[in-house]
Structure formats: structure tokens, C-alpha cells
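Asks: turn this into a model:
(4 chains)
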2 protein chains.
Amino acid sequence: MLSQSIEDYLKIIYKLQHGSDAPTQVTTSLLAERMGVTAASATNMIKKLAEMNLLEYAPYKGVALREAGEKIALETIRHHRLIELYLSEALGYSWDAVDAEAERLEHAISEEFEERIDKMLGYPTIGAHGEPIPNKNGQIEEQTYARLSDIERGQRAVVKRVSDRDAAMLRYMNDMGLRLGTVVKVCEKAPFKGPLTLLIEEDQPRTLGLEVAHHIFVDPIR
Amino acid sequence: MLSQSIEDYLKIIYKLQHGSDAPTQVTTSLLAERMGVTAASATNMIKKLAEMNLLEYAPYKGVALREAGEKIALETIRHHRLIELYLSEALGYSWDAVDAEAERLEHAISEEFEERIDKMLGYPTIGAHGEPIPNKNGQIEEQTYARLSDIERGQRAVVKRVSDRDAAMLRYMNDMGLRLGTVVKVCEKAPFKGPLTLLIEEDQPRTLGLEVAHHIFVDPIR
DNA sequence: ACTTTATTTTAGTCAAGACTAAATTTACCT
DNA sequence: AGGTAAATTTAGTCTTGACTAAAATAAAGT
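Replies: Next up is the predicted model:
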């Protein structure tokens, strides 16, 4: 059995490699920051994972997952996203609470548990925040959506995915009435990285900071 | 936060103190055996728990939980039994599979998770194998049932609780058609600790070894 | 009461995975 | 190209919770 720690490291490396923000090189310090440990600790673990042939390690340069490592990362991510969706659908958890709970549960569930909730949810392919859920074979359909912050004025778009990095931000989005599938229209964009004004589902206009809009992924209409 | 290990030790000590088999004195070796560790390891942990004022430790004699330790034990047991029932009721787990899964999950769930499944289950007081579920305040209603092995010939009784120590035995009981609430009648008891013959729910007679009957707790009728 | 045996405790190791402080490497700037 | 700052790695420590082997204690038999 693999330790929780190892699963977490691999999961985060995968996310960094395939994330929408910085798909350059996964450095020790970036990994350390995401794991909430010091760089020295990250180096130790990296050496161990390289030893186990789970990743490619170029000292002072960075890491890249090998096939075996990616497989474990995707299994862990699958667990996480299935659990998040289950908590949300079956237990009524809110958008911002699922991540923390899933973070601990993902390491504790068996294959049987995974299969049962997968079935119960109807073999879903999209998670609670719009993320793709890897299938049992570790295949995943990476998506590419536009950021709401990049949408032109006047354009309408459907909310497809939100970043789950910040629970407070998720709660805020939720309070604004944003959900997966919500249709928004950009009415106004203030200059100099100013906020944008949105029409959410034909309701009254709302103003949203760019920072938040940057973490909302949409599909423009027409 | 308390470690999984600590929670497990306290839980097992509680069960040994209140178990139906040997409520004498909880010894180091008994605890070690149930935890699957060596006696030396158990001694170490006992000293640590005594240091934390979670239990009373008389070297060479044994241990007894103090109030704080019992509270933690009961919380852990509550988690375990709620999860078992949830797995059984909501996810269709079989009698013999719930324990192993709950064993890992009990340390991973939050208070919110506990509350949500508690509510979903209708605030149950009896677990999947008939055990009492401690309430949120750590109160528990200890039961005293007769063992099926002690029931007189001709007597009828209702199955109230089964031991969950051995998954294979649980599977066997299940295959025999035994469930909580099942009515059985003892038709025959072979001498010299021989097997007993049962009538299960007015079906055809079945023969059951004493060992198994010893782990089935019943409430005699009339 | 003394000896043998079983149980328990002590002493010393080990592995995981974190940390700090120091040394090293890379990168950047003029 | 040389010098400095930032990033990374190395070296050494710590904690948790296991282990083995040896010592100490308790229990039991004659």
C-alpha cells in the first residue's frame, strides 16, 4: 500500500503538470508550497519517488511523472472527484465544503466503495466543480475552457467549471448565484483590470472582480 | 488532532472492558493481540496514553480508561457504527464487508459527515450487527442478551445482535438466513458440546456449530 | 519457600516524513 | 565574465509508532 503522503505528492504533481495556469516545469518549491511543506522535505520525497520509478527527476530542474506515477495520481484524483460529487449529490454538501472532506476520504476508501458510489452516481464523467473524472483505466478527457475574465463585453457564456483552490471564493461564487450550467452575460468591463459587470441568468446585474472571474471557466454561446 | 493509532487503542480498550466475554482486567498482551502489535509496542502506547491522562495504568496489572479516554473511545465507536450502518443501508454493503471499510473511514470523517449520515439514517440507536450506537454525548445503552448457544431446546428466540469479529463467520451466518430480527427455534441440542439444530423462520431445520451459536445474541420469546 | 514459566517492561533500532541550518547550484545583472 | 540573489540540495534532528532482545516482575507448582 502507498502512503497518503505519496498519493498526495503524485496528485499535486499531476495537477501542476496539467493545470491551466503554469504548465511549464514542476519545481521543488512549487510542489513544496502546494503540499504545505518546506522545500527540503519536498526534495526528500522527490528522491524517494524517483527511486520508486514513479517520476523523472532532474536535480535543480524539476520533476515529471512517469507512467506508473501518473496512474496512481489519476486513481487518487478519481477517488477525490467521485467522493466530492457523492458528498454533494447524496449528502447535500455545499460547493465549498466537499474538497476538504474528500481530501481525507480519498485515501481511506476501498475499490468496492469507489465502485458503489460510481454506480450510484450513474458513472459520472464530470465532477462537482466541473472537473473531468478519470475513468477506471486512468483515462481522462482534459478540457480547455475560456476564463470568464477573458470574455468580451456583450458576450454570453455558460459556466462550465470553477477552480476549487479557495473555499472562500467558492462560497462567494455560490452566493452570487453561479452554478455549473449558469448562463452569464458580460455587460461591462471596467478598464485597467477593473471588475466586470455580469447579468446572471437574466437577473439583475452583479459586479465581479477580475480575480474571481479568472477562476471561472466558461463556454461562450454562439 | 488524535492519531488513528490512539483512537484505535482507546476503542479496543473500551470494547475489552465492556465486552460480553472477559470483563475482568485489560492486560497488555490482550490489547497487543487485538491491535495486532507486540506487547512491547502496546506498553509504549499505554505509557503514552497514561501520560495524556486518557487511562489509568497499573504496571504489570492492566489498564482502565479514564473519562477523557472513554469519551474518545465512544466517539470513535459512534463513527464506526454509524458508518457501518450507512454502508449497509445506503450503499448496499453486505454484513461481512462493512467492518473493514468502516475501520478506515472512521478516522477520516468530519463532524459534518457524521451529522449528515446520522440524520439520513434517522438518528439510529442500533448498528448493522445489532450493537448500540453511542449518542453525540457519548452515552450508550449497554445491552445484555443471551447467547444462542445457551438457549434451551424447544425455546424460540429473536436474533438481536451478532459478533462482528470474524467476517467469514458473518458471511456464514448470512448464508444460513440469519438476520437481525430473525426468529429461530432450537429443535435439538447434541450432547458433549455438539451442534444445535435450528428452525429458522419456520423453514427447514439447519445445523449450527456451538462456536457460531456462541456469537449470536438473542432475546428468548415468552 | 524456591524454582520455573509466562507476562510485562526496558533498552535500543528502524522507517516515514517532517523540520532547520548550511552548502551548493543556477540564474540573472551589469 | 564575475558577483549576488534565489532556488535547491545536503546534513543532521525530531516525532510517531512499530520492532527485537534482554531484563524484570508476577504467578504457579512442588
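Asks: the domain parsing of chain A - what is it?
Replies: Domain segmentation of chain A under automatic domain parsing yields A:4-65, A:146-220.
Asks: select, out of those, the one closest to residue B:130.
Replies: domain A:4-65 (33.1 Å; C-beta to C-beta). All C-beta spots, glycine's among them, are computed from the backbone N, C-alpha and C.
Asks: report whether that closest one contacts chain B.
Replies: No - residues of domain A:4-65 contacting chain B under C-beta under 8 Å from any C-beta of the partner chain: none, with a closest distance of 9.8 Å.
Asks: is that domain in proximity to DNA strand C?
Replies: Yes - shown here: domain A:4-65 in contact with DNA strand C (C-beta under 7 Å from any atom of the strand) through A:4-6, A:35-38, A:40-41, A:44-45, A:48, A:60-61.
Asks: for those residues, which one is nearest residue B:113?
Replies: residue A:4 (17.7 Å).
Asks: would you map the helices across chain A?
Replies: A:4-18, A:28-35, A:39-51, A:67-90, A:98-105, A:111-120, A:167-175, A:210-213 (DSSP state H).
Asks: the second one near DNA strand D anywhere?
Replies: Yes - looking at helix A:28-35 against DNA strand D by C-beta under 7 Å from any atom of the strand, the contacts come from A:28, A:29, A:30.
Asks: relative to helix A:4-18, how tilted is that helix?
Replies: 120 degrees (axes from the mean of the first three to the mean of the last three C-alpha atoms, to 10 degrees).
Asks: which elements pack onto helix A:28-35?
Replies: helix A:4-18, helix A:39-51, strand A:62-65 (3 or more C-beta pairs under 8 Å, 6 or more residues apart in numbering or on different chains; DSSP states H and E).
Asks: same thing with the fifth one?
Replies: The criterion is 3+ C-beta pairs under 8 Å, 6+ apart, and the helices and strands that helix A:98-105 contacts are helix A:67-90.
Asks: show me what the helix it packs on is packed against.
Replies: Using 3+ C-beta pairs under 8 Å, 6+ apart, helix A:67-90 sits against helix A:4-18, helix A:98-105, helix A:111-120.
Asks: just the buried members of the residues of domain A:4-65 next to DNA strand C?
Replies: Listed as buried from these are A:6, A:35, A:45; burial here means 16 or more other C-beta atoms under 10 Å in any protein chain shown.
Asks: what does chain A put close to DNA strand C?
Replies: A:3-6, A:35-38, A:40-41, A:44-45, A:48, A:60-61.
Asks: out of these, what pair is the most spread apart?
Replies: A:4 and A:60 (27.8 Å).
Asks: stretch A:119-137 vs chain B: in contact?
Replies: Yes - using C-beta under 8 Å from any C-beta, we find that stretch A:119-137 touches chain B at residue A:120.
Asks: what does that stretch rub up against?
Replies: With C-beta atoms under 8 Å, 6 or more residues apart in numbering or on different chains as the test, stretch A:119-137 has contacts from A:74-75, A:77-78, A:81-82, A:84-90, A:95, A:98, A:118, A:140-143, A:159-164, A:170, A:180, A:217, B:91.
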